[in-house]
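**Q** structure of the sequence below:
(one chain, ligands or ions: 2)
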Amino acid sequence: MTILITGGAGFIGSHFVRRMINQGKRVAVLDKLTYAGNLENLKDIIEDPKMSQQFKFYKGDIGNQEFVEHIFVEENIDTIANFAAESHVDRSIRSASNFIDTDMKGVFVLLEASRRFSLKKFIQISTDEVYGTAHQGAFKETDALNPSNPYSASKAGGDRLAYAYWVTYKLPIIITRASNNYGTNQHPEKFIPLFITNALEDKKLPLYGDGRQIRDWIHVEDHCAGIDFIMNHGQDGEVYNIGGGNERYNIDTAHLILDELKKPRSLIEHVKDREGHDRRYALDCSKLMLLGWKPRIKFENGLSDTIHWYRNNQVWWKRIKNGEFMEYYNKQYSHRFADTDVQQTH
Ligand code: NAD
Ligand code: TYD
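**A** Ligands and ions are numbered 1, 2, ... in the order given. So this is what the prediction gives:
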């Protein structure tokens, strides 16, 4: 039996693949290799004679029903962990179409195929962003969803569709909703790696609005451990929040990064805010903690390790931070910075 990890060449998916391989499981990865997918993230596994025996990579779209069913048959799949998604809020604001295709329709195709093939477990990786902004307190799994941008709305669609397949067809699904992840191999479009890599290049750090938005950061290894725990101890048809218990203002996180790199705080530039920017995310994780899981990595330590990784793996991110990325970066930020020549900004 094999676990199918969709989106396994992305940031979180690749960490989860490694975790499953290290446990001796057989893993198939289905990944479209969009701009965010990167086989470099799985290089150690692909190149290791022993680990590669447990691993098979399929390049393709989760929305391609025929291809998904072919993999089910070929690999004798009994479990899916669906990480595949368009994942960046700013890109969804620019253009939402791919988000609807993958985060909603793609989930539909996987659910339908799983129903036909009587899968034993379907883990839908959702997000805390489906709850929308947390004005006070922290969201419980039973709280209403109130997504406020095309990314979170399409994720909410996938989340609720998965739930409907449990209620209607008793497909054994579990839904996880994690908070903001950080760690190695995260695409430099996201806040923490963008700020680390810009600082390493002595470029300006574009902080949206007043920088007093709050995110609850969880280390990617803690997140993957949480999903693994839920696969083994969670109940079908249930939702589980996975938070870091670590709420920070964005501006404080930016200061931590600059201080660690010994770069001046003057690199921060407050720029025009994101449209519809959620002010705060916060999760109540008591449901999962009562089952026996908790995050282990302290933010300061995890962030410092992450910064070290980006410092030591410049080839990895410099390969990404050109071509398509710079085109996106210029579109996204040039009108935000005071100095419009973003690439040259110091
Ligand atoms: P990512 O963008 O780094 O990776 C996504 C992967 O999915 C890429 O490898 C990409 O090639 C692949 N993909 C995209 N569309 C596809 C398609 N149609 N078919 C097959 N593969 C496709 O994203 P990530 O940050 O690793 O997030 C993984 C999952 O976790 C997503 O579902 C995301 O919504 C969820 N999540 C992320 C965070 C976070 O902070 N990053 C927090 C909570 C939940
Ligand atoms: P991001 O990594 O895009 O994750 P999400 O929007 O899914 O939470 O952003 C994290 C926070 O950082 C969010 O409040 C937006 C902010 N941010 C900036 O201030 N500047 C940036 O250039 C980016 C990408 C994000």
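**Q** which residues in the stretch 201-346 of the chain form strands?
**A** With DSSP state E, counting those that start in this stretch as the criterion, the stretch 201-346 of the chain has strands at 205-208, 214-219, 239-242, 247-249, 268-271.
**Q** quick check: residues of the stretch 101-250 of the chain near ligand 2?
**A** Taking C-beta under 6 Å from any ligand atom as the test, the list of the stretch 101-250 of the chain residues beside ligand 2 reads 129, 180, 190-191, 194, 206-208, 213, 215, 250. For glycine as for every other residue, the C-beta is placed from the backbone atoms N, C-alpha and C.
**Q** residue in the chain nearest to ligand 1?
**A** Per C-beta to the nearest ligand atom, G10 is where the chain lies closest to ligand 1, at 2.1 Å.
**Q** show me where the protein has helices.
**A** Under the criterion DSSP state H, the chain carries helices at the ranges 11-22, 43-47, 65-75, 89-94, 97-99, 107-116, 150-169, 191-200, 220-233, 250-260, 286-291, 299-312, 314-320, 324-333.
**Q** for those, give me a markdown table that also has mean neighbour count.
**A** Rendered in a markdown table, the data for the helices of the chain read as follows (neighbours: other C-beta atoms under 10 Å):
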| stretch | mean neighbour count |
| --- | --- |
| helix 11-22 | 23 |
| helix 43-47 | 14 |
| helix 65-75 | 16 |
| helix 89-94 | 18 |
| helix 97-99 | 18 |
| helix 107-116 | 20 |
| helix 150-169 | 20 |
| helix 191-200 | 22 |
| helix 220-233 | 20 |
| helix 250-260 | 18 |
| helix 286-291 | 15 |
| helix 299-312 | 16 |
| helix 314-320 | 15 |
| helix 324-333 | 15 |
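**Q** now tabulate those in TSV and tack on mean pLDDT.
**A** Compiled in TSV, these are given as follows (pLDDT from 0 to 100):
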stretch	mean pLDDT
helix 11-22	98
helix 43-47	98
helix 65-75	98
helix 89-94	98
helix 97-99	98
helix 107-116	98
helix 150-169	98
helix 191-200	98
helix 220-233	98
helix 250-260	98
helix 286-291	98
helix 299-312	98
helix 314-320	97
helix 324-333	96
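**Q** CSV for these, including distance to A134?
**A** Written out in CSV, the entries for the helices of the chain read as follows (distance: least, C-beta to C-beta, whole Å):
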stretch, distance to A134
helix 11-22, 22
helix 43-47, 37
helix 65-75, 35
helix 89-94, 16
helix 97-99, 22
helix 107-116, 25
helix 150-169, 13
helix 191-200, 18
helix 220-233, 19
helix 250-260, 15
helix 286-291, 15
helix 299-312, 18
helix 314-320, 31
helix 324-333, 26
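**Q** about what we covered before: which ones among the residues of the stretch 101-250 of the chain next to ligand 2 come in contact with ligand 1?
**A** When these are filtered against ligand 1 using C-beta under 6 Å from any ligand atom, the residues retained are N180.
**Q** and the residue nearest to H270 when sequence neighbours are not counted, how many neighbours?
**A** Nearest residue to H270, sequence neighbours excluded (C-beta to C-beta, 6 or more residues apart in numbering): L207, at 5.4 Å. Using other C-beta atoms under 10 Å, L207 has 21 other residues around it.
**Q** L207 contacts V271, doesn't it?
**A** Yes. Counting by C-beta atoms under 8 Å, V271 is a contact partner of L207 at 6.7 Å.
**Q** T142: which of the helices of the chain is closest?
**A** helix 286-291 (9.3 Å; C-beta to C-beta).
**Q** contacts for that closest one, please.
**A** If you take C-beta atoms under 8 Å, 6 or more residues apart in numbering as the criterion, helix 286-291 is touched by 140-141, 226, 229-230, 233-234, 240-242.
**Q** would you list these in TSV and tack on distance to D44?
**A** TSV is the format used below for those (distance: C-beta to C-beta, whole Å):
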residue	distance to D44
K140	38
E141	35
G226	23
F229	24
I230	26
H233	29
G234	29
Y240	29
N241	31
I242	25
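**Q** quick check: the gap between E189 and H15.
**A** From E189 across to H15, the span is 18 Å (C-beta to C-beta, to the nearest Å).
**Q** cool, and F83?
**A** Computed as C-beta to C-beta, the F83 to H15 distance reads 10 Å.
**Q** got it, and L261?
**A** 23 Å.
**Q** in the stretch 1-150 of the chain, which residue sits closest to ligand 2?
**A** Among the residues of the stretch 1-150 of the chain, V89 lies closest to ligand 2, at 4.1 Å counting by C-beta to the nearest ligand atom.
**Q** pull up the residues of this protein that are close to ligand 1.
**A** In this structure, the chain approaches ligand 1 at residues 6-7, 9-13, 30-34, 36-37, 61-63, 83-87, 102, 106, 125, 127, 155, 178, 180-181, 187, judged by C-beta under 6 Å from any ligand atom.
**Q** give me that answer again for 5 Å
**A** Counting by C-beta under 5 Å from any ligand atom, the residues of the chain lying close to ligand 1 are 7, 9-12, 31-32, 34, 36-37, 61-62, 83-85, 87, 102, 106, 125, 127, 178, 180-181.
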